[in-house]
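**Student:** with the input below, show me the fold.
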Amino acid sequence: MERRSRRITNRASGVAAVLSFLTQPIPAADELLVVGIHYYLVVRLARARKVSVFKLPWRSLQRIVWYGAGARLVANFSLGLVPLLGAFSNAITAIALTEFLARWLDEYIEHPESPPPDVTMAGLKQLFTSAIKKKKAKEPATEKAGEAS
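**Tutor:** Below is the predicted model of the structure:
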């Protein structure tokens, strides 16, 4: 990612994190604010890289933004019950989603002939199940290492 894009992404990540942290007690308010920040980020990155916003893959970008907002909402309802943990997890997920969106868009802008894979519900499900399988595979190995010591 070039320097100007990195600076724009860092600023958007910081604003999204602060807003998410502060508005965490209000259900779904932080997700709506972060969605606006993400659309602003997309336009800013396109303009910084001299790409017309009309040539962007808006369907893919919308999927990233709205599936991410849904995932953040679920995390907010599960972790949001713990006072400070909910606020911190909200800020962290806002940063992670902003970074993912910016990196995906940057990859698309650099290589429009071979864009990064689209984000789909099936792809997200596969990503999560493979991550869970890897975690379960590591747990027995860790337990065996602990027994050997």
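
**Student:** use CA for all of it now, contacts and neighbours both
**Tutor:** OK.

**Student:** ok now the helix or strand in which E107 is found, how far from the chain's centre?
**Tutor:** Per DSSP states H and E: E107 is located in helix 83-110. Offset of helix 83-110 from its chain centre (Cα atoms, centre = their mean, to the nearest Å): 3 Å.

**Student:** for it, packing partners?
**Tutor:** helix 3-23, helix 29-48, helix 58-79 (3 or more Cα pairs under 8 Å, 6 or more residues apart in numbering; DSSP states H and E).

**Student:** what would the ones you listed look like in JSON lines with mean neighbour count, distance to I92 and mean pLDDT?
**Tutor:** Converted to JSON lines, the helices and strands packed on helix 83-110 look like this (neighbours: other Cα atoms under 10 Å; distance: least, Cα to Cα, whole Å; pLDDT from 0 to 100):
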{"stretch": "helix 3-23", "mean neighbour count": "19", "distance to I92": "7", "mean pLDDT": "87"}
{"stretch": "helix 29-48", "mean neighbour count": "18", "distance to I92": "12", "mean pLDDT": "88"}
{"stretch": "helix 58-79", "mean neighbour count": "17", "distance to I92": "10", "mean pLDDT": "80"}
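
**Student:** any idea of the mean pLDDT for the helix holding E107?
**Tutor:** Average pLDDT, helix 83-110: 83.

**Student:** tell me what angle it forms with helix 3-23.
**Tutor:** 150 degrees (axes from the mean of the first three to the mean of the last three Cα atoms, to 10 degrees).

**Student:** about what we covered before: okay, the helices and strands packed on helix 83-110 in a markdown table with distance to I95 next?
**Tutor:** As requested, the helices and strands packed on helix 83-110 are exported to a markdown table (distance: least, Cα to Cα, whole Å):
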| stretch | distance to I95 |
| --- | --- |
| helix 3-23 | 5 |
| helix 29-48 | 10 |
| helix 58-79 | 11 |
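
**Student:** out of these, flag the one nearest A96.
**Tutor:** helix 3-23 (8.1 Å; Cα to Cα).

**Student:** relative to the whole chain's centre, how far out is that closest one?
**Tutor:** With Cα atoms, centre = their mean, you get 12 Å for helix 3-23.

**Student:** list the helices and strands it packs on?
**Tutor:** Applying 3+ Cα pairs under 8 Å, 6+ apart, one finds that helix 3-23 makes contact with helix 29-48, helix 83-110.
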